[in-house]
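*Asks:* When you get a sec, could you give me coordinates for this:
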Amino acid sequence: MTLLQEFTKQEFKGMAQSYVASKESRDRLREAIMSAYSTFNTNSGITPSPDTIPDVLLGVMSSDVRLAVRALRDWCDSLGLEFVMPSPRVPGVQQLSAVRGSVYIKYNARTKACYVSQYLGRDRGVLLQLGQVQLGHFPLGLWDEEQRKPAPSL
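*Replies:* Numbers count the residues shown, from 1 in each chain. Below is the predicted model of the structure:
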């Protein structure tokens, strides 16, 4: 997990550009994420299967709800987690498509709780929490850089 911890430390300082600057560096980052996720499941006594759900949280910060939902879907697909459409927790908003401005999506893989709220912070990206270890902010489009998958319907 060293690469991911280094990335997280540098990202916190605003100095993680070298980790995402090339396709090769992003490939290494993706491989490290999958390795950490696999190791986390094994060390937690969890063998990934439809019956066992690990303690994984995702936090997605984006300037737009559509980009955030796309990123959430892609992360869930990549990690083999069930994608859940977030429910809005924005005062006066009933429909996800009506959420405007920067957003934060919180997703809990175990409970399937998933909601979107307004976000006033400057950070953008995806936080990955494996048990007690938080990593990121990873790029929103890390798993579908060329946006080949169609955007989820809101």
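*Asks:* Identify the residues contacting the lowest-mean-pLDDT helix or strand in the chain?
*Replies:* The weakest-scoring helix or strand in the chain, judged by mean pLDDT, DSSP states H and E, is helix 23-43 (a mean of 89). Residues from elsewhere that reach helix 23-43 (Cβ atoms under 8 Å, 6 or more residues apart in numbering): 1, 3-4, 7, 18-20, 47-48, 54, 56, 78-79, 128, 130-131, 133, 135, 138-139, 142-143, 145. Where you see a C-beta, it was placed from the backbone N, CA and C, and this is true even at glycine.
*Asks:* Which residues are in contact with residue 119?
*Replies:* 61-62, 102-104.
*Asks:* Mind telling me what element the residue of the chain positioned farthest from its centre is part of?
*Replies:* Using Cα atoms, centre = their mean, the residue of the chain lying farthest from its centre is residue 92. It sits 26.2 Å away. If you go by DSSP states H and E, residue 92 is not part of any helix or strand.
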